[in-house]
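> Prediction below, plus the sequence it came from.
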Protein chains: 2
Amino acid sequence: MDTIMGKQSICFQRPPQIVSAASVAGQKEGEGPLGALFDEIEKDPMAGQATWEEAESALQKRAALLAMEKARRLPGPGVPPVRYLFSGDLLGQLIATSFGVMDLKLPLFGLYGACSTIGEALMLGAMTVQGGYSEAVLALTSSHFGSAEKQFRFPLGYGGQRPKSATWTVTGSGAFVLSDSGGHAKITGATPGRVVDYGVKDSMNMGACMAPAACDTICAHLEDFGRKPEDYDAIVTGDLGTVGQKILIDLTAERGYDISAQHQDCGILIFDPEAQDTHSGGSGCACSAVTLAAYLLPKIESGEWKRMLFVPTGALLSTVSFNEGQSVPGIAHAVVIEHC
Amino acid sequence: MDTIMGKQSICFQRPPQIVSAASVAGQKEGEGPLGALFDEIEKDPMAGQATWEEAESALQKRAALLAMEKARRLPGPGVPPVRYLFSGDLLGQLIATSFGVMDLKLPLFGLYGACSTIGEALMLGAMTVQGGYSEAVLALTSSHFGSAEKQFRFPLGYGGQRPKSATWTVTGSGAFVLSDSGGHAKITGATPGRVVDYGVKDSMNMGACMAPAACDTICAHLEDFGRKPEDYDAIVTGDLGTVGQKILIDLTAERGYDISAQHQDCGILIFDPEAQDTHSGGSGCACSAVTLAAYLLPKIESGEWKRMLFVPTGALLSTVSFNEGQSVPGIAHAVVIEHC
């Protein structure tokens, strides 16, 4: 098989491995269905800092350090030190990242893919490792309910009513060390996504905004690799929520792919919508990142799943574009993760 | 030589080439010292659109299409079609990029490095081409005076007084097609930068904020490659301006490198500070991108310069971080471009 697969995919000939993962989550996430699986739960929404943005930076730094510490503790010949960092977040000008990673003193590739950022980071990280540009890299992202509400919506004290299609931004950070060897999960393929716009303008229904992009990337992936949904134990999107999930399954069916048996969504997995009042599900860069680190990756590492398609999804809007009447396009990046 | 060079650099064994470049600039830039060199000058600040943000998107799309058209017109066996896009801008959540590249229908790696973005895009693009992940990629960025002032400063109608250390955001977009062969400039090395914070809090003096990062990257680069400033015909930073230039030359001298003979700055090259009232110089993602496309790259392609170090610089701030009293850290990414 070639490295270049079909229209827009990559097949890794020497698949980089995910050698360690770390998840730091907030209190609400800790009370959800995955609560017992996170490495750390930070009960203070401010994480001991003065602002939500600084809190988010602190979570990102903590997840990064923990993933690197786990990589150092691995048995065997040892993982080389991390050389490059691939990271981003939801905030304007990536301030959670810039201030979060500063103390790590590592060269930074700043990324923005909205809530799909960890997919972009894992793809570029794997491309960097296989390309021989670095023996180990760190893929990292974060989000924070408080900083995201402040960035995109209303002051928390306003107490606005949220529609049933709205999602709840996950507070937390996920970090992954990639290297040539040392892990039990490998990245064997990737399908970077395109910007897809169905003209949806409802920023309180981001699942509907992102589902067409998820469909575009998943179908392109299956076509490029000549695979069927059954070739995956799971096809896991980032944060479509219950509303977006239904749209995705309908849209892929129209393209001839029935993914209903394989599809899961991190936004649905991370909260209990009844008990936690989270409506359509979780969202934010951290949603897919901490769910991968805490819940999905262990299934691959143990061999319970042989192969998954991990497809973080992002809604591409800002308050400026929204207030100027623009639609909310989506993007989704797909990463193939297999047991090894 | 190894691919991995020293502490943080990459040496490309099969250097990807810059096979085409396009520059689209605004009217003020067209009236500056480089005005005659730009491919296109857009005299309408709105570029026929309804908002500054849409105008910036339009410039980005136009530069992208022009660079790809130039690549198609090259004599010889022809450059393969662009497969991936690396792009970013200054606006929150990269809206200039998302809406600008949508119609291109290419997989997008969204990047944020503030005004250093074209450096990050060229590095990742070169890594992608040499890694065999794509036969051709597009590196792209944009900025717009109106959208940047709205994002970061005051309403234009307010007519605020600008201090002498302030820079003027360049309106324009630069685009570069990278591929295995077909050009007369090659990317032979890269030094991705770290976030460097000297604690400067003055967002009207971004040259001072970014100079320490430029120093950090340039010195790391020279050490990693075992080179001296004289090994370069030019060391060109992005948008330090006259204030930042002086600081950079002092800081590198303290580290034992006298770069005063080689140093140039795109922010100083692009405007005439007296005639154009631009104070310290130009800035913005487009500043270094259009200066590279229109002025620097032709010097390499013609052989007038054999080797340059291109070091776009970025100031990492948002209005949120600034209003919360944070400093303005900097980042700088260095790319070695040589004649071939």
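Structure received.

> Could you list the buried residues of the host helix or strand of A:I41?
Using DSSP states H and E, A:I41 falls within strand A:40-42. Residues of strand A:40-42 classed as buried: A:I41, A:E42 (neighbour count, 16 or more other C-beta atoms under 10 Å in any protein chain shown). All C-beta spots, glycine's among them, are computed from the backbone N, C-alpha and C.

> And the next helix or strand past it?
Following strand A:40-42 in sequence order, the next helix or strand is helix A:52-73 (DSSP H and E).

> Next one, pLDDT for A:G160 please.
A:G160 is assigned 82 on the pLDDT scale.

> mind checking the SS state of it?
Taking DSSP: H, G, I helix; E, B strand; the rest coil as the rule, one finds A:G160 in the coil state.

> Excluding chain neighbours, what is closest to it?
A:F154 (4.7 Å; C-beta to C-beta, 6 or more residues apart in numbering or on different chains).

> Phi, psi for that neighbour please.
Main-chain dihedrals, A:F154, degrees, to the nearest 10: phi -120, psi 160.

> Likewise for A:K105?
phi 60, psi 40.

> how about the closest residue to it other than its chain neighbours, what does it touch?
Once flanking residues are discounted, A:K105 sits nearest to B:R194: 5.7 Å by C-beta to C-beta, 6+ apart. By C-beta atoms under 8 Å, 6 or more residues apart in numbering or on different chains, B:R194 lies in contact with A:K105, A:L106, A:P107, A:L108, B:Q8, B:A213, B:D216, B:T217, B:I331.

> Tell me, how many residues neighbour the fourth one?
Using other C-beta atoms under 10 Å in any protein chain shown, A:L108 has 28 neighbouring residues.

> next one: the first one
Burial of A:K105 is recorded as 13 neighbouring residues (other C-beta under 10 Å).

> cool, and the fifth one?
Per other C-beta under 10 Å, the neighbour tally for B:Q8 reads 24.

> For the closest residue to it other than its chain neighbours, give me the pLDDT.
In space, and not counting its chain neighbours, B:Q8 is closest to A:P107: 4.8 Å by C-beta to C-beta, 6+ apart. A:P107 carries a pLDDT value of 98.

> Next one: A:K306 from chain B, what distance?
25 Å (C-beta to the nearest C-beta, to the nearest Å).

> Could you do A:A190 as well?
According to C-beta to the nearest C-beta, A:A190 stands 9 Å off from chain B.

> and that residue, that's in a strand?
Yes - applying three-state DSSP, one finds A:A190 inside a strand.

> Setting aside sequence neighbours, what's the nearest residue to it?
A:A190 sits nearest to A:M123 (C-beta to C-beta, 6+ apart), 4.2 Å away.

> got the contact list for that neighbour?
Taking C-beta under 8 Å, 6+ apart as the criterion, A:M123 is in contact with A:I10, A:I187, A:A190, A:P192, A:H333, A:V335, B:F109.

> Please state the backbone phi and psi of it?
Torsion angles, degrees, to the nearest 10, at A:M123: phi -60, psi -50.

> Let me know the pLDDT of it.
Reading off the model, A:M123 has pLDDT 98.

> and what of A:F271?
Per-residue confidence at A:F271 stands at 97 (pLDDT).

> go on, A:M1?
Value listed for A:M1 in the pLDDT field: 66.

> doesn't A:A175 fall inside a helix?
No - using three-state DSSP, the assignment for A:A175 is strand, not a helix.

> wait, doesn't it sit right on A:G125?
No - using C-beta atoms under 8 Å, A:A175 is not in contact with A:G125; the gap is 11.0 Å.

> out of the two, which sits in the more crowded spot?
A:A175 (35 against 30).

> ok, back up a step: mind giving me TSV with the contacts of B:R194 and columns for secondary structure and distance to B:R255?
Formatted as TSV, the contacts of B:R194 follow (DSSP: H, G, I helix; E, B strand; the rest coil; distance: C-beta to C-beta, whole Å):
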residue	secondary structure	distance to B:R255
A:K105	coil	16
A:L106	coil	20
A:P107	coil	18
A:L108	strand	21
B:Q8	coil	15
B:A213	helix	13
B:D216	helix	9
B:T217	helix	12
B:I331	strand	18
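
> from those, which single one is nearest A:A289?
Distance to A:A289, by C-beta to C-beta, is smallest for A:L108 among the contacts of B:R194, at 16.9 Å.
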